[in-house]
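>>> Sequence first, then the predicted structure, then my questions.
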Amino acid sequence: MELGKEYFGTLWKYVANQDITDIDYNGREVWITNIYNERYKVNQQYVDENITTAFVEQFTQRIANVVSRQFNKRNPELEAETSELRVTILHESVARSGRSISIRKTPPVIRLTAQKALQERFCSKEILSLLINCVESHMNLTFCGMPGIGKTECVKFFSQFIPADERVITIEDTLEIRYARTNPGKDCIEIKVSEDTFGYADAIKSSLRLNPKWIMLSEARSKEVKYLLESWSTGVRGMTTLHTDDVRNVPDRILNMLESRADADRMENDIFQALDVGVLVRKRNDEDGIARRYIDQVCFYLREKGENRIEMVVFDGVCVLKQLPDSILRLFQRAGFEDPFCSELLESRLLSTGIFM
């Protein structure tokens, strides 16, 4: 499904602007988020004829017609998706400030680059090298942080280091990873789930019959995480994202997603065996007043000698542990990395994989 310029009216100028990632209307004002991590309210004098009730009603009706869905008090949420946009509208019966519109861009591009990561102090060279080496050593990675912080962008960037002949299966309700488009020539199956017909649990179970090397879940948010961990425990590798503000909270967050206490008691050890790496992305205001995203924490999850533990490697954006546990070092050494932090060959490796600085 595609939505043309005529659908968006006065909002089209923001949809067409490549620097804008999100357009939000809260019933009164338009708020914009851009690729520079800035969020600001649009001065109404720059919105053609403001956002009138008539326009909002017309826009909603067009979207409802396209997706063949009713939109009223009984059906207060309306969603539509194009190849590069996700549109969500909430009815005024539940959005008490007025009918609300959110438009998120999901283009098949990778905004995070190695050069940008280093220039904008997203992370240091040694942290970047460590995480790339984690992918190439076939570890499971979970990217954490608050909504909109850039977790999926991390998945898109680091998944570039998966070899072309290793089959990747992505599972999403809204297509955002776009692995097939951003990694042309690589073996990939993209599965779009639907709550009504083919859910996350169904997709994960089916994926295991499709000879995957990697299973990537756009976001772990409910009981489907149980099936994801079970798939990882079979030797399939993967990446996912999760909402939390500390990598040390990840095991508890997963336990809270499970359906029953019995599941939680049984799964705790499995979590530490299946997870390998936790990465937390935060936002901070630098001395120049610019808001920047950065990798705040990196940890390894371990289950050794019947005990579960978390080893913090990066804290507050700084490496705090250089001597990694023997079990983690063995994973790196098996993949040919004697020094997991070594950044001397980073640029040449990026060039050799077609990922330019």
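Structure's in. What do you need? Numbering: from 1, shown residues only.
>>> the helices in the chain, which residues?
5-8, 12-16, 53-67, 114-119, 125-136, 151-158, 179-182, 200-207, 224-233, 250-257, 261-274, 326-334, 346-352 (DSSP state H).
>>> neighbours around Arg292, how many?
15 (other Cβ atoms under 10 Å). (Each C-beta comes from the backbone N, C-alpha and C, glycine too.)
>>> ditto for Gly4
8.
>>> same thing with Gly148?
Considering only other Cβ under 10 Å, Gly148 is surrounded by 15 other residues.
>>> Likewise for the one 4 residues further on?
Burial of Thr152, expressed as a neighbour count using other Cβ under 10 Å, amounts to 19.
>>> nearest residue to it other than its sequence neighbours?
Glu176 (5.2 Å; Cβ to Cβ, 6 or more residues apart in numbering).
>>> got it, and Tyr200?
Glu224 (3.5 Å).
>>> since we're on the one you found, how many residues are nearby?
Glu224, neighbours per other Cβ under 10 Å, totals 21.
>>> Ile20 versus that one, what's the distance?
32 Å (Cβ to Cβ, to the nearest Å).
>>> Tell me the pLDDT of Asn50.
We note a pLDDT of 59 for Asn50 in this prediction.
>>> Spit out the contact partners of the residue most central in space within the chain.
Centroid-nearest residue in the chain: Thr152, 2.0 Å away (criterion: Cα atoms, centre = their mean). By Cβ atoms under 8 Å, 6 or more residues apart in numbering, Thr152 lies in contact with Phe143, Glu176, Ile177, Ser218, Glu219, Thr241.
>>> In space, what's closest to the fifth one - neighbours in sequence excluded?
This means Glu219. Using Cβ to Cβ, 6+ apart, the closest residue to Glu219 is Thr241 (5.0 Å).
>>> and the longest strand along the chain, what does it pack onto?
Criterion DSSP state E: the longest strand present in the chain is strand 291-304. Strand 291-304 sits against helix 125-136, helix 261-274, strand 277-285, strand 307-315, helix 326-334, with contacts defined as 3 or more Cβ pairs under 8 Å, 6 or more residues apart in numbering; DSSP states H and E.
>>> which parts of the third one are buried?
Using 16 or more other Cβ atoms under 10 Å as the burial criterion, the residues of strand 277-285 that qualify are Val277, Gly278, Val279, Leu280, Val281, Arg282.
>>> Tell me what the last one is bridged to.
According to DSSP bridges, the partner residues bridging Arg282 are Tyr294.
>>> was I right about it contacting Cys144?
No. Counting by Cβ atoms under 8 Å, Arg282 does not reach Cys144; the two are 9.6 Å apart.
>>> joint contacts of the two?
Common neighbours of Arg282 and Cys144 (Cβ under 8 Å, 6+ apart) are Asp245.
>>> Next one: the residue nearest to the centre of the chain from Arg167, what distance?
Counting by Cβ to Cβ, the gap from Thr152 to Arg167 is 20 Å.
>>> Compute the distance between the closest residue to Ser97 other than its chain neighbours and Leu90, please.
Excluding the flanking residues, the one nearest Ser97 by Cβ to Cβ, 6+ apart is Gly27, at 4.2 Å. Gly27 sits 9 Å away from Leu90, going by Cβ to Cβ.
>>> Likewise for Arg178?
26 Å.
>>> Equivalent analysis for Gly317, please.
Gly317 is 36 Å from Leu90, by Cβ to Cβ.
>>> Could you do Asn75 as well?
11 Å.
>>> Which of these two has more residues huddled nearby?
Leu90 (20 against 11).
>>> buried set for the longest strand of the chain?
Those would be Arg293, Tyr294, Ile295, Asp296, Gln297, Val298, Cys299, Phe300, Tyr301, Leu302, Arg303, for strand 291-304 by 16+ other Cβ under 10 Å.
>>> by how many degrees do that strand and helix 326-334 diverge?
Using axes from the mean of the first three to the mean of the last three Cα atoms, to 10 degrees, the direction of strand 291-304 lies 110 degrees away from that of helix 326-334.
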